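In: pasting a predicted model and its sequence here:
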Amino acid sequence: MKFEKNILCIGAGYVGGPTMAVMAQKCPHYRVTLVDINPARIAQWNSDDLPIYEPGLDEIVKETRSRNLSFSTDIEGGIREADIIFVSVNTPTKDYGIGAGMAADLQYWERTARQILEFSESPKIVVEKSTLPVKTAQAMERILTSTNNGIRFDVLSNPEFLSEGTAIADLQEPDRVLIGSMETESGLKARDVLVEIYANWVPRERIITTNIWSSELSKLVANAFLAQRVSSINSISALCEKTGADIIEVATAVGMDSRIGNKFLNASVGFGGSCFKKDILNLVYLCRSYALHEVADYWESVIKINQYQQERFVFKTLNAMFNTLSGKKICLFGFAFKANTGDTRESPAIFIAKRLLEEKTEVVISDPKALKNAREDLKCMDGKISYIEDPYRAVDGCHAIAVMTEWDLYRNLDFEKIYHFMTKPAFVFDGRNILDHNKLYTIGFNVFPIGKPCMTYL
Ligand code: NAD
Ligand code: UGA
């Protein structure tokens, strides 16, 4: 079959995989290819056991893989044949040299730019899908035009706003698609090509176009605002615990103001995920590099509150359990950074598990999708750790349960049965406020929610 366009995506991760799968599903007239430097990841994409868990993804990959979606390690061939190249490689926080712990590490991204330059034989539209510091498109263009090889490259910014766990729905019906371009004749022409691709399934009024710097910055700002809301509600949860106010009641009352809105007001053990912290650090670094120190301090405080919230959770656990956790057994319900994903990157559960192990606690980890990643995250830790998917088996002999992830399955467990299996006095620390606290208390548990009065027999 002859396809209208050849679309390539470099980087077959949490963004590249689902994004291109949905594009292939919605555009059967385009050939969509994903390439990656990691052959194991590509082999998994070509198997029945996909490298990431995302509701609905398996079905779409199965539907499209034999039709117009393929996964390959042939980066060179992919670049040569593509009309449009999405770059979706990882951009983690730099852990070396200048900007360590703050700036984005652009080595993977730059390697990709150089590969595109080396292997291209025809004009390309290059689309930044990764989250990048403002002005990266300029650097990309400089690399691509550095050899004067006569090939035309147009660089666009098209940041991705999907959330893990709801990625497929977010991609199929996005709130908005953002496309930034250079305001030159050829930049605007390239922008229109990308608009037409998305218009295959996204209503045109939801496709917004901006200058390229606004687009790059909007992505960082969107994540910073979302994380800021979580830190705001978490900071107030600490005050609730001191005053007898209830964070759920406060969030409801505040969120019913239509100017504020009710989303992202769930107090928690802290936000995790591969991007919030990284993107805010990136924003902070950017502000500092322009000597905007007050602005940088403001955004940095969002991260500080997140660290404080996690530390507070450990302290509360220690304090409630008679100031010693040594030799006690605590079961973590959930290890993923949020429900409906197996992703554990920057999960608060990693921090909590490590701190509990430092207190010489025996830690049992239970999660329906994230145990493989949890093992990897804790492989260098000393101490007693076990990984048990079945929550009823996991709590056997435990002194406490700490809820880390808001998986639905934990809401519906038989807590009478669980109480029976546990060592007494039994504790629940609900880091997500998802359980029925009154019911737990009636059963006999000592209950410690976030931002609500504790209920205890002690
Ligand atoms: P990821 O680590 O899951 O995937 C990145 C992939 O790129 C990896 O498989 C890696 O092997 C591959 N790669 C690196 N260098 C390469 C190269 N030179 N050639 C080919 N492949 C290469 O990362 P991710 O979570 O998909 O994130 C990618 C980007 O998207 C980041 O900038 C991130 O900030 C952004 N983002 C992520 C999410 C999310 O939910 N994870 C959402 C929106 C935006
Ligand atoms: C986030 C953004 O929501 C996406 O728009 C963005 O594309 C993505 O980052 C990215 O750039 O990577 P994601 O990290 O997948 O998506 O998940 P979120 O739903 O935003 O949750 C992030 C963290 O905040 C999770 O740990 C979650 O449990 C926590 N959270 C969220 C709360 O603690 N309370 C809330 O009310 C909401």
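Out: Now that the structure is in, tell me what you want to look at. Ligands and ions are numbered 1, 2, ... in the order given.

In: name the single longest helix found in the chain.
Out: Assignment by DSSP state H gives helix 212-243 as the longest helix of the chain.

In: that one near ligand 1 at all?
Out: No. Using C-beta under 6 Å from any ligand atom, helix 212-243 stays clear of ligand 1, with a minimum separation of 7.4 Å. C-beta coordinates here come from the backbone N, C-alpha and C atoms, glycine included.

In: which elements pack onto the next helix or strand after that helix?
Out: Toward the C-terminus, helix 212-243 is succeeded by helix 247-255 as the next helix or strand (DSSP states H and E). Where contact means 3 or more C-beta pairs under 8 Å, 6 or more residues apart in numbering; DSSP states H and E, helix 247-255 is packed against helix 212-243.

In: doesn't Asp154 lie inside a helix?
Out: No. Under DSSP: H, G, I helix; E, B strand; the rest coil, Asp154 falls outside any helix and is assigned strand.

In: give the bridge partners for it, please.
Out: When assigned by DSSP bridges, Asp154 has beta-bridge partners Ile125.

In: quick one, strands of this structure?
Out: Taking DSSP state E, the strands of the chain run over residues 5-10, 30-35, 69-72, 84-87, 124-128, 153-157, 177-181, 207-211, 329-333, 362-366, 385-387, 400-403, 427-430, 446-448.

In: for the third one, output the C-alpha coordinates as PDB.
Out: Listed next in PDB are the C-alpha coordinates belonging to strand 69-72 (Å, rounded to 0.1, in the frame of the first residue of the first chain):
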ATOM      1  CA  LEU A  69       2.600   1.100  12.800                       C
ATOM      2  CA  SER A  70       6.100  -0.400  13.100                       C
ATOM      3  CA  PHE A  71       8.900  -0.500  15.700                       C
ATOM      4  CA  SER A  72      12.500  -0.700  14.700                       C
END
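
In: and that strand, which strands flank it?
Out: Applying DSSP bridges, strand 69-72 is found paired with strand 30-35 (parallel).

In: residues near the residue of the chain found nearest ligand 1, how many?
Out: Using C-beta to the nearest ligand atom, the point where the chain gets nearest to ligand 1 is Gly13, with a distance of 1.9 Å. Gly13: 20 surrounding residues under other C-beta atoms under 10 Å.

In: all further residue positions should be reported with the first residue as 879.
Out: From this message on, residue numbering opens at 879, which makes the last subject Gly891.

In: you'd agree it is up against Thr969?
Out: No. Contact criterion C-beta atoms under 8 Å: Gly891 and Thr969 do not qualify, at 10.9 Å.

In: which residues of the stretch 1079-1228 of the chain lie near ligand 2?
Out: Counting by C-beta under 6 Å from any ligand atom, the residues of the stretch 1079-1228 of the chain that sit close to ligand 2 are 1101, 1104, 1108, 1142-1144, 1146, 1149-1151, 1153-1154, 1215-1216.

In: hmm, try it at 5 Å
Out: Within the stretch 1079-1228 of the chain, the positions adjacent to ligand 2 are Val1108, Phe1142, Asn1144, Ser1146, Phe1149, Gly1150, Gly1151, Cys1153, Phe1215, Lys1216 by C-beta under 5 Å from any ligand atom.

In: picking that back up, TSV for the strands of the chain, including mean neighbour count and mean pLDDT?
Out: Output for the strands of the chain, formatted as TSV (neighbours: other C-beta atoms under 10 Å; pLDDT from 0 to 100):
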stretch	mean neighbour count	mean pLDDT
strand 883-888	24	98
strand 908-913	24	98
strand 947-950	22	98
strand 962-965	24	98
strand 1002-1006	25	97
strand 1031-1035	25	96
strand 1055-1059	24	97
strand 1085-1089	16	97
strand 1207-1211	25	98
strand 1240-1244	24	98
strand 1263-1265	16	98
strand 1278-1281	26	98
strand 1305-1308	25	98
strand 1324-1326	23	98
